[in-house]
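Asks: Let me see the structure of the following:
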Amino acid sequence: MNLEKEFLHILERKNIKIKFQPIVDLNSGDILGFEAFAHGPKSSSFYKTKDLKKIASKLKKVWDLETVFRTAAFGKSNAKLNDKLLFLRVDPIVAEDPNFHEGFTKAQLEALNIKPKSIVFEITQKTIVDDYQRFKRVHNHYKNQKYCTAVSKVGDSHIALQGVNETNPNFVKIDKKIISAIESDKHKQTVVKSFVQIARSNNFKVIGVGVSTKAELKTLIDIGVHFGQGPFFCIQKPTLEECCVNLKHRVADVMVEINQKDLFSKDSQTVRSLIKKAPIIDKDTSCEYVDNYFREIDSPTIAVLDNNKPVGLINRSSFGSKLSTRYGYSLYSKKPISEVLENNTLIIDASTAIYDAGQMALNRSNEYDDIMVLDKGKYIGIVTMRSIISYTIDYEKNIAKHLNPLTSLPGNTSISKTLNNVIRSNVNCGVFYVDIDNFKVYNDMYGFEAGDSIISLVASILKKVINFKYPHSSFVGHIGGDDFVFVVESRKQDYYIICNQILSEFDEQIKYYFKLDDLKRGYFEAKDRLQDIKKFPLTSLTIAGIYGHLSRFQSESDIAKACAYIKSEAKKSMGSTFLLNEVISLEESTAQVSATT
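Replies: So this is what the prediction gives:
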């Protein structure tokens, strides 16, 4: 059977299999909805969705495939969809198919009692780039029928950014090529940040697609992406129930782990220290009562609860604006406050770090509104943006006091804190000490200003190689003088690549810091401590590091001692060099001892 006959046979028998993948809220771990995917029989040539769509387009059977797909997807998800959304990717050329039947989908949904707003039609970025007018027609076609819309497979195209900005879909799905390894790619981070920023003013949500690692998830959360989708959460499954197995629990565990193990966070102080009380009312309180209540109190915010469970915050200014419109008071005064409360209150746990709370707040459209705080699910107060900003300013001033004035790198206070976090975290990472060889000789011969320039050179190389590539999972500190330390959370093989790159950069640039005669000779001639003329090797760089299960160390001084010993061994080699030792877990150590006895 040739491919065309095989496809038509599958289509005629409606032998299309549906699989689902959940889309997850990156703040709460709740499921926003599910994307449905069409697959041919597993044994066929058209098991993959893209192969089905390719042959359908070739044979002008796009609408025929679409009707079978939608019918199967609606039928399979109907009973379990509840308040979740169903995402369906649509090819814009479907509206130009001669068999296209407008109203088909709405009729199906009405028969299954599914509301149009529960369906999200996805249109790919490629359509914006290839045919913007077609994209607008199809997008508006679905939008006008009260469906939700999404632009999918979004990359770094300026045209796509413009298209999103002009048509204002409900969701923008960032392509998995952008999400892949985003934790180590500044350009990708900038692309995603641009969409998050536009989302604030245009009131759409950003979904990161193809999330496959914890590092990617951590970066998306840090940037402010709203939702995630990909194998890290769940692979495609035949039923919605299978997509939900342990999902929220698994995501919640990751969120806790991120909060506990983020070794490089700006601050660990929680919002608990900033909580203040606010007046409380029940969700069934009338707007008339709330209006009078605001006249009696000084607080600009009232907390709305339902049996001590959070509903949201009502702001004096926005509430007053709503009632002060021409028919506002007569329209709302007798209604319960819950009916006019906008569902955009940021609600966080008291254990949330102040820095993280500030980032989440700034990623909302109402970025300066107060924040509702819970403890074990119960309301305990509010935090104002004023208090967060005030705390952040004071914190940044305090941090500035501990920065090295020459390199602007964190000093020993921050280094100590980071190393202790490494020990407590039980995260596999690497700690590396950097030392400039023969620095004293160089400093004596060339002067302090030249010596400072070499220290600045090393600092700039470390920032370039480490902070640029690992912006959210690294730390670079200046111990003092010609000694530095850096910490990276990555893979074993990456540590060797990092060290090689640092040494390569240093050896390439240090040549310009020597006099031509010294460079030609390949050594310095200077007096030693006994005032005898001796030959000293040119200035080079040594890196000594340990990686692996660093929680086996008792204190930061133990790490320093281990690296000092490795450094003494490394310095036996001439020129720039590095030496790394792996720290294995206690279980692995015990197993090795058992194997040799």
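
Asks: Run through the residues that contact the residue nearest to residue 19 when sequence neighbours are not counted.
Replies: Leaving aside its sequence neighbours, residue 19 sits nearest to residue 236 (C-beta to C-beta, 6 or more residues apart in numbering; 4.0 Å). Backbone N, C-alpha and C define where each C-beta goes, glycine included. Each residue near residue 236 by C-beta atoms under 8 Å, 6 or more residues apart in numbering is listed here: 19-21, 37.

Asks: In those, which residue is surrounded by the most others?
Replies: In terms of neighbours by other C-beta atoms under 10 Å, the contacts of residue 236 top out with residue 20 at 25 neighbours.

Asks: That one looks like it's in a helix, true?
Replies: No: using DSSP: H, G, I helix; E, B strand; the rest coil, the assignment for residue 20 is strand, not a helix.

Asks: Give me the below-cutoff pLDDT ranges for the stretch 151-300 of the chain.
Replies: 156-163, 165, 200-201, 246-268 (pLDDT under 70).

Asks: Kindly recompute the last result at 90.
Replies: Applying pLDDT under 90 to the stretch 151-300 of the chain flags residues 153-168, 181-204, 213-224, 240-273, 298.

Asks: what are the ranges of the strands in it?
Replies: 171-174, 205-209, 227-229, 280-282 (DSSP state E, counting those that start in this stretch).

Asks: got JSON lines for these, with distance to residue 336 and mean neighbour count too?
Replies: Formatted as JSON lines, those follow (distance: least, C-beta to C-beta, whole Å; neighbours: other C-beta atoms under 10 Å):
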{"stretch": "strand 171-174", "distance to residue 336": "31", "mean neighbour count": "26"}
{"stretch": "strand 205-209", "distance to residue 336": "28", "mean neighbour count": "25"}
{"stretch": "strand 227-229", "distance to residue 336": "30", "mean neighbour count": "25"}
{"stretch": "strand 280-282", "distance to residue 336": "9", "mean neighbour count": "15"}
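
Asks: Relative to residue 84, which of these is closest?
Replies: strand 227-229 (12.2 Å; C-beta to C-beta).

Asks: Tell me the helices and strands packed up against the closest one.
Replies: For strand 227-229, the elements it packs on are strand 17-25, strand 205-209, judged by 3 or more C-beta pairs under 8 Å, 6 or more residues apart in numbering; DSSP states H and E.

Asks: does residue 488 really touch residue 465, like I thought?
Replies: No: if you go by C-beta atoms under 8 Å, residue 488 and residue 465 don't touch, sitting 9.9 Å apart.

Asks: any common contacting residues for the two?
Replies: residue 498.

Asks: Dump stretch 455-474 to CSV, restricted to CA.
Replies: Output in CSV follows, covering the C-alpha atoms of stretch 455-474 (Å, rounded to 0.1, in the frame of the first residue of the first chain):
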residue,chain,number,x,y,z
ILE,A,455,43.4,41.3,38.9
SER,A,456,40.7,43.2,37.0
LEU,A,457,41.5,41.1,33.9
VAL,A,458,40.9,37.8,35.8
ALA,A,459,37.7,39.2,37.3
SER,A,460,36.4,40.2,33.9
ILE,A,461,37.2,36.7,32.4
LEU,A,462,35.5,34.9,35.3
LYS,A,463,32.4,37.1,34.8
LYS,A,464,32.4,36.6,31.1
VAL,A,465,32.8,32.8,31.2
ILE,A,466,30.7,31.9,34.2
ASN,A,467,28.1,34.5,34.9
PHE,A,468,27.2,34.9,31.2
LYS,A,469,26.8,31.2,30.6
TYR,A,470,25.3,30.3,34.0
PRO,A,471,23.4,33.5,35.0
HIS,A,472,21.1,31.7,37.4
SER,A,473,23.3,28.8,38.7
SER,A,474,26.7,30.4,39.5
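
Asks: The strands of the stretch 151-300 of the chain into TSV, with extra columns for distance to residue 430?
Replies: Shown next, in TSV, are the strands of the stretch 151-300 of the chain (distance: least, C-beta to C-beta, whole Å):
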stretch	distance to residue 430
strand 171-174	30
strand 205-209	27
strand 227-229	27
strand 280-282	50
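
Asks: do you know which of those lies nearest residue 353?
Replies: That would be strand 227-229 among the strands of the stretch 151-300 of the chain, by C-beta to C-beta, at 20.6 Å.
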